[in-house]
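Trainee: Coordinates for the following, if possible.
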Amino acid sequence: MNKIPEHLAIIIDGNRRWAKEKNLPSFFGHKKGFDKVEEIGEYAFEKGIKTLTIFAFSTENWNREKKEVNYLMKLLYQALKNIKKYNKKGIKIKVVGQIKRLPKKLQEIIKKAETQTKKNEKILNLAISYGSKTEIISAIKKASKLTEKEIEKNLWVKSSPDLVIRTGGEYRLSNFLLWQIAYSELYFIKKYWPDFTKKDLDQALIEYSSRSRRFGK
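Mentor: Sure thing, here's the model as predicted:
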């Protein structure tokens, strides 16, 4: 493993199917999935990854049952409120997406977490109420002129992932970082996110290290 991506993005998928196969309510899958984000996130930073972007909740996820959405919002709040933990580990929190659409209590903890961790060097982007098409439209509206640099300046996620991992056995991007991943390496794994392990991340990094990135040259 002689190359480590500076920016890793993960589409976490399979929480509900994981729970269903175990005859458990979907809430158990979501809780297991959120615990897994912390475990794999810490390991990713230990490996030398500088920026980690997690697709936590999409704009389309608002169409799920209200009870499930409310539970996910509570999980996100719980994940963000322990600000001391992020500062201790040197992690900067950045939430990207339609923040004004989120519950007020969650908006408040997001603002607090971002403010109090802004001096840290490791970057954790949490994509919440995120959709890439919405992001691109927003960037175009803010751009003073229609150039790549001007649009990129106004995107919610500022850097492009070197590697994108998707769990759950699906082979699609689901409206995630469509602008930023133009030259990203893609890695798909059949395992559901709650079953994803450190060894699985190692295997993805080994695969990434073996690839030649030419960027069209």
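
Trainee: and residue 191, how many residues sit next to it?
Mentor: For residue 191, the neighbour count with other CB atoms under 10 Å is 15. Quick note: C-beta positions are derived from backbone N, CA and C, even for glycine.

Trainee: ok, now the one 3 residues further on?
Mentor: The number of residues packed around residue 194, counting by other CB under 10 Å, is 22.

Trainee: what's the answer for residue 208, then?
Mentor: Residue 208: 19 neighbours (other CB under 10 Å).

Trainee: Please apply the same query to residue 131.
Mentor: Around residue 131 there are 19 residues (other CB under 10 Å).

Trainee: cool, and the one 10 residues further on?
Mentor: Here the neighbour count serves as a burial measure; for residue 141 (other CB under 10 Å) it reads 8.

Trainee: Show me what the mean pLDDT comes to for the helix or strand encompassing it.
Mentor: Using DSSP states H and E, residue 141 maps to helix 132-142. The average pLDDT for helix 132-142 rounds to 97.

Trainee: Ok, stretch 121-129 next?
Mentor: Across stretch 121-129, pLDDT averages out at 98.

Trainee: Which positions within it qualify as buried?
Mentor: Neighbour counts over stretch 121-129 (16 or more other CB atoms under 10 Å) mark 122-129 as buried.

Trainee: go on, stretch 171-178?
Mentor: Buried positions in stretch 171-178, judged by neighbour count with 16+ other CB under 10 Å: 173, 175-177.

Trainee: Using the three-state scheme, assign the spatially most central residue of the chain.
Mentor: In the chain, the centroid-proximal residue (CA atoms, centre = their mean) is residue 54; its distance is 1.1 Å. Judged by DSSP: H, G, I helix; E, B strand; the rest coil, the three-state class of residue 54 is strand.

Trainee: separation between it and residue 200?
Mentor: In this structure, residue 54 lies at 15 Å from residue 200, with CB to CB, to the nearest Å as the measure.

Trainee: Contacts for the helix or strand in which residue 164 is found, please.
Mentor: Per DSSP H and E, residue 164 falls inside strand 163-166. For strand 163-166, the external contacting residues (CB atoms under 8 Å, 6 or more residues apart in numbering) are 5, 7-11, 13, 172-173, 176-177, 181, 184-189, 201, 204-205, 208.

Trainee: Secondary structure class of residue 127, three-state.
Mentor: Of the three states, residue 127 takes strand under three-state DSSP.

Trainee: could you dump the buried residues of stretch 121-129 to a markdown table with distance to residue 216?
Mentor: Output for the buried residues of stretch 121-129, formatted as a markdown table (distance: CB to CB, whole Å):
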| residue | distance to residue 216 |
| --- | --- |
| 122 | 30 |
| 123 | 27 |
| 124 | 30 |
| 125 | 26 |
| 126 | 31 |
| 127 | 27 |
| 128 | 33 |
| 129 | 33 |
